[in-house]
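just the structure for this:
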Amino acid sequence: MAPARPHQTRLSFRLRQTAVVTLLVASSITAQLTLPLARDPIFEALPVTSVLDSVFSRWSISLPLTLSPNTLLTKPTRGSAYRRSRHHALRLASDGSDSLEERALLGSVIGLVGTTLGVVDKLVKNVVYDPLFGTNVIKATGERGDTEWYGSLSFGNPPQQIKLNFDTGSADLFLIDPKCQTCFLSNHTAYIPARSRTFSNTSTPWSTTFGDGSGASGYVATDSAWITVDPAGPNTSAQVEVPRLPFAMATTLSSSFGKSTPSGLVGLAQDRLSNIQGGSTVFSRLVASRQLDQNVLGIRLVKGARPSSMVQPISTGGGEYAFGGVLSQWIVGGQAGLTWIPVTSSNYWGIPMTGVQMGGVSIMDKKTPPRAILDTGTTLVVTSQALASAIHAKIPDAYQAKSSVWIVPCNLSSDRGSANYAPNVFFVLGGRRFGIPIQDLAWKSASPEATWCVSGIQSGMEDFTVLGSMFIKNHYLALRYNTDGSLSAGLGDRTDVPPII
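The predicted structure follows:
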């Protein structure tokens, strides 16, 4: 018989799109710990080019042209094509040749070709070997992640509450130092070390570099992190503490950070991905300290509703992060309705992706690696050039602009009787199909009259497909640490999302 776990807890965060997240927690006495996720009104107001820049920079994807309203929709000229790839912009001549310098740069990053190009030194810092994937992979930069959902955690003694992004694609937790001169403290909240009696500065430097050459830096500290029970719940005094949690205190941040509402980030990827030596995530620490009823993190992202005549959502979404279990009422078939898939990455919540279908037809090419990661820190789906081309070939009038951004009509419909019909997109994961409604692919308007929209699926990742919140918000996601040391990801259909067929 397994020994009883002391102070077992189920933590659940209620999310509200771009949004407020709620944490529900079940303790030895069942408690509800709520980290409300609030909708970030700034996200919808951001120019589409700004959000795209965050998506591409997060994964070190460069573009052939600088994104602007003038370049976003420009179609490529005949006889010349543009391809986007990790780490560099690559322009193909009409004969398909590329420069020796570009080939050397790409080869050095993925470990195939040696080169002395100075820029490679900076790029290699963002690359990590993944033993299970069997290849080098790019490290997502959480500080340049974008998301429509955020929540709050508290730190220190006494606790200070901070609004944060929750990111399953990176593993660092960072807060803002009050002395930071580039952290936009007029609209962000710094963590004040002097107010906590348990704060400790390790004096270890911390830094990260983004794909566009900018970055963030600071130092590593430790302190308590707190998840507080929902004040409306039955156990109003209950709190869950993660003591001596290592995190980064940012003393410099890139200018793009100033456009967001959250004042930091909570990484939830595997510990190995952390830029902090010996770093561990809140989730893995809760598992290691045996504070959870189940070693599971349940995630439900609720998208904002919008009428058919509008592209942008007009009502707030919501959802929750549930530490310690899943919320069965949101899963078709309850907990038994989840399909559990072995994690096959040493860094990310990465799983096999054995197919992609549209209209009942397989469109998965032989070159795209059959693997994907589940990443709440990336707004869109980012995949290979070949797969993105195959997907958009099934969408009437879709095209790849000269900027290399994929563009679709804003009035897409899955109604076969509609003149704007296109089939939904399905990813085959764990032997099941999990879809994205074609209407969701008309992500943000790229033209004043809302005729053309930026697609929710973009290209630029040749090592794996990033299934961001464009995918996750249509399903229930659960992440699990197994007793044998392995990891699994669970996916299920949602009771609050119309069936995707």
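
hey, where'd the strands end up in the stretch 351-500 of the chain?
355-358, 361-362, 371-374, 381-383, 399-400, 406-409, 425-429, 432-436, 442-445, 452-455, 457-459, 465-467, 476-481, 487-492 (DSSP state E, counting those that start in this stretch).

show me the contacts for Arg300.
15, 319-320, 322, 327, 330, 476-477, 494 (C-beta atoms under 8 Å, 6 or more residues apart in numbering). Backbone N, C-alpha and C define where each C-beta goes, glycine included.

give me the phi and psi for it.
phi -130, psi 110 (degrees, to the nearest 10).

all numbers from here: first residue = 21
That works, and once the first residue is 21, the last one we named lands at Arg320.

tell me which element the closest residue to it other than its chain neighbours is part of?
Once flanking residues are discounted, Arg320 sits nearest to Gly339: 4.2 Å by C-beta to C-beta, 6 or more residues apart in numbering. In this assignment (DSSP states H and E), Gly339 forms part of strand 338-343.

the inter-axis angle of that strand versus strand 496-501?
Here strand 338-343 runs at an angle of 20 degrees relative to strand 496-501 (axes from the mean of the first three to the mean of the last three C-alpha atoms, to 10 degrees).

what helices or strands is strand 338-343 leaning on?
strand 31-36, strand 39-40, strand 42-44, strand 57-59, strand 316-322 (3 or more C-beta pairs under 8 Å, 6 or more residues apart in numbering; DSSP states H and E).

report the rounded mean pLDDT for that strand.
Average pLDDT, strand 338-343: 81.

now do the buried residues in that strand.
338-343 (16 or more other C-beta atoms under 10 Å).

can you check stretch 291-300 too?
291, 293-296, 299-300.

repeat for stretch 390-399
Buried residues in stretch 390-399, counted by 16+ other C-beta under 10 Å: 391-399.

end to end, how far does it reach?
Taking C-alpha to C-alpha, to the nearest Å, stretch 390-399 runs 21 Å from one end to the other.

report the distance from it to the chain centre.
In terms of C-alpha atoms, centre = their mean, to the nearest Å, the centre of stretch 390-399 is set 6 Å apart from its chain centre.

middle-most residue in the chain, spatially?
Gly397 (2.0 Å; C-alpha atoms, centre = their mean).

tell me the phi and psi of that residue?
Dihedral angles (degrees, to the nearest 10) for Gly397: phi -90, psi 0.

pLDDT below threshold where in the chain?
21-65, 85, 97-147, 155-168, 229-234, 248-258, 276, 325-337 (pLDDT under 70).

please list all residues in contact with the nearest residue to Leu347 once chain neighbours are set aside.
Among residues not flanking Leu347 along the chain, Gly318 sits closest, at 5.9 Å (C-beta to C-beta, 6+ apart). By C-beta under 8 Å, 6+ apart, the contact set of Gly318 is 32, 340-342, 345-347, 496-498.

which stretches of the protein form helices?
61-65, 68-78, 89-92, 120-129, 138-144, 302-308, 405-413, 489-492 (DSSP state H).

show me what the last one is in contact with.
Residues lying outside helix 489-492 but in contact with it, judged by C-beta under 8 Å, 6+ apart, are 167-169, 319, 321, 394, 396, 398-401, 447, 454, 456, 460-461, 463, 476-477.

now list the buried members of the residues you listed.
Using 16+ other C-beta under 10 Å, the buried ones in these are 167-169, 319, 321, 394, 396, 398-401, 447, 454, 456, 460-461, 463, 476-477.

if I look at Gly488, how far off is Leu432?
19 Å (C-beta to C-beta, to the nearest Å).

look at those two and report which has more neighbours.
Set Gly488 next to Leu432 and count neighbours by other C-beta atoms under 10 Å: Gly488 wins out with 28 against 23.

isn't that one right next to Thr403, touching?
No: with contact defined as C-beta atoms under 8 Å, Gly488 does not reach Thr403; the gap is 10.6 Å.

now do stretch 408-418: distance from first to last residue.
First residue to last in stretch 408-418 (C-alpha to C-alpha) measures 11 Å.

wait, Cys430 touches Trp472, no?
Yes: counting by C-beta under 8 Å, Trp472 is a contact partner of Cys430 at 6.4 Å.

quick one on the thing from earlier: so which of the buried residues of strand 338-343 comes closest to Gln377?
Gly339 (26.7 Å; C-beta to C-beta).

is the closest one bridged to anything, and to what?
On DSSP bridges, the residues paired with Gly339 through beta bridges are Leu35, Leu321.

before we move on, what about Phe194?
Here Phe194 sits in beta bridges with Ala268, Leu285, going by DSSP bridges.

over to Gly375?
Here Gly375, judged by DSSP bridges, has bridge partners Val448.

tally of neighbours for it?
15.

which residues touch Gly357?
351, 512-513.

how about a cut-off of 10 Å?
Gly357 is in contact with 346, 348, 351, 496, 510-515, counting by C-beta atoms under 10 Å, 6 or more residues apart in numbering.

and what of Arg452?
359, 361, 446, 511-513.

distance of it from Ala289?
24 Å.

over to Arg391?
With C-beta to C-beta as the criterion, Arg391 and Ala289 are 15 Å apart.

for Thr228, same thing?
Counting by C-beta to C-beta, the gap from Thr228 to Ala289 is 14 Å.

same check on Gly505?
Counting by C-beta to C-beta - Gly505 and Ala289 are separated by 17 Å.

what do you get for Ser274?
Distance from Ser274 to Ala289, by C-beta to C-beta: 21 Å.

of the two, who's got more company?
Remark: of Ser274 and Ala289, Ala289 carries more neighbours, 29 against 18, as counted by other C-beta under 10 Å.

that older thread, which single one of the buried residues of stretch 390-399 is nearest to Ser309?
Thr396 (23.3 Å).

ok, that closest one - contacts?
35, 165, 167-169, 185-189, 288, 319, 321, 341, 369, 487-489, 492-493, 497 are the contacts of Thr396 under C-beta under 10 Å, 6+ apart.

what's the closest non-adjacent residue to it?
Thr188 (4.6 Å).

ok, Met384 touching Pro372?
No: using C-beta atoms under 10 Å, Met384 is not in contact with Pro372, being 11.9 Å away.

can you give me the offset of stretch 395-405 from its chain's centre?
That offset, for stretch 395-405, works out to 7 Å (C-alpha atoms, centre = their mean).
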